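K.L.:
sequence and predicted structure, then a few things I'm wondering about:
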Amino acid sequence: NGSTKTKVAVEGIVDKVTHEPDGDYHIIIRPQYLPLPVLVTEAIPEIKDLPLPKEGDHIKIWGITRFDEPHNWWELHPVIGWEKL
């Protein structure tokens, strides 16, 4: 499911933030000038003191990449940090 050492950072607009049944938060990111969401990122409760961005925020977000087999996509999971741009 990906390496725990493969870290990336991406920039985009927060399209949606949802609280999942497992306690994680999905933060859906899209490019600034495209209407469709293209990347799922997940903030986990074990990483304390990490506030959630708001929908519409332009951010840079970073974390560990892994392949989510049940959904058949790559994602950032967990999110390690983010900053508003």
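P.N.:
Yep, that arrived. Residues are numbered from 1 along each chain as shown.
K.L.:
give me the beta-bridge partners of the residue most central in space within the chain?
P.N.:
Centroid check for the chain by Cα atoms, centre = their mean gives T41 as the closest residue, at 1.9 Å. On the basis of DSSP bridges, T41 is bridged to I27, L76.
K.L.:
contacts only, for it.
P.N.:
Contact analysis of T41 by Cβ atoms under 8 Å, 6 or more residues apart in numbering lists H26, I27, I28, I29, I61, G63, E75, L76, H77, V79. Just so you know, the C-beta spots here come from the backbone N, C-alpha and C atoms, and that holds for glycine as well.
K.L.:
beta partners of the fifth one?
P.N.:
What it means is I61. Beta bridges link I61 to V10, W82, judged by DSSP bridges.
K.L.:
surely it meets I28?
P.N.:
No. With contacts counted by Cβ atoms under 8 Å, I61 stays clear of I28, the gap being 10.9 Å.
K.L.:
OK, contacts around H77?
P.N.:
H77 neighbours (Cβ under 8 Å, 6+ apart): D24, V40, T41, E42, I44, G63, I64, R66, D68.
K.L.:
let me fix that, I meant to ask about L50.
P.N.:
By Cβ under 8 Å, 6+ apart, the neighbours of L50 are A43, V79, G81, W82.
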